[in-house]
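S.K.: what's the 3D shape of this:
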Amino acid sequence: MEKRTVNPWKWQKERSYSQAVEVKNVEATLYCSGQAAIDPDGTSSNKDMKSQLEQAIANLEEVITTAGYECKGIVRLNIYTTSEEELWPHFPILQEWIAKHQIEQTVTMLEVNRLFETLKVELEATAVK
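M.R.: So this is what the prediction gives:
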């Protein structure tokens with residue numbers, strides 16, 4: 001697989017994403033449903049944003065690795081949150097995870113009215129290998 005990021009500017013690096021990612025010679029592509037703070041028994045979290053973000057990241061990583069992919073292969077990450085204001089103080093948690101796995105991805109973040117039940121943040125990804 002060949003991966004090339006396209007960044008006409010430099011400011012997006014501080015926000016841990018790329019403007020575009022080109023991938024050639026892909027062996028396979030994994031489209032992940034939005035992963036949120038849901039326990040293995042299906043119980044939605046009612047904890048704070050920080051806890052929910054950490055669990056959403058862990059759940060996304062679990063799905064990706066269980067499928068036989070690496071987090072480094074994430075090329076697209078969509079973030080849905082019920083409160084951008086509540087999420088921003090904890091954004092470094094996501095940035096540290098991105099850096100740890102050397103992920104180079106595009107990002108779209110949307111603030112939405114509601115997520116399922118008591119959820120506050122959801123991460124949807126596309127990964128390649």
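S.K.: all the strands of this structure, residue numbers only.
M.R.: Along the chain, counting by DSSP state E, strands occupy 2-6, 20-24, 29-31, 74-81, 106-111, 121-128.
S.K.: format these as TSV; extra columns: mean pLDDT.
M.R.: Below are the strands of the chain laid out as TSV (pLDDT from 0 to 100):
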stretch	mean pLDDT
strand 2-6	91
strand 20-24	92
strand 29-31	97
strand 74-81	98
strand 106-111	97
strand 121-128	98
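S.K.: which of those strands sits most buried?
M.R.: Mean neighbour count (mean count of other C-beta atoms under 10 Å) peaks for strand 121-128 among those, with a mean of 22. In short, each C-beta sits where N, CA and C put it, glycine included.
S.K.: packing partners of that strand?
M.R.: Other helices and strands packing on strand 121-128, by 3 or more C-beta pairs under 8 Å, 6 or more residues apart in numbering; DSSP states H and E, are strand 29-31, helix 49-66, strand 74-81.
S.K.: what residues does the longest one touch?
M.R.: Residues from elsewhere that reach helix 49-66 (C-beta atoms under 8 Å, 6 or more residues apart in numbering): 30, 32-33, 35-38, 45, 47, 70-71, 73-74, 81, 83, 86-87, 90, 93-94, 97, 119-123, 125, 127.
S.K.: just how off-centre is it within its chain?
M.R.: Counting by C-alpha atoms, centre = their mean, to the nearest Å, helix 49-66 is centred 9 Å from the centre of its parent chain.
S.K.: just the buried ones among the contacts of helix 49-66, please.
M.R.: Buried by 16 or more other C-beta atoms under 10 Å: 30, 32, 35-38, 45, 71, 73-74, 81, 86-87, 90, 94, 97, 119-123, 125, 127, out of these.
S.K.: please name the bridge partners of the closest residue to Leu30 other than its chain neighbours.
M.R.: Leaving aside its chain neighbours, Leu30 sits nearest to Ala127 (4.5 Å; criterion: C-beta to C-beta, 6 or more residues apart in numbering). In this structure, Ala127 bridges to Leu30, Ile74 when assessed by DSSP bridges.
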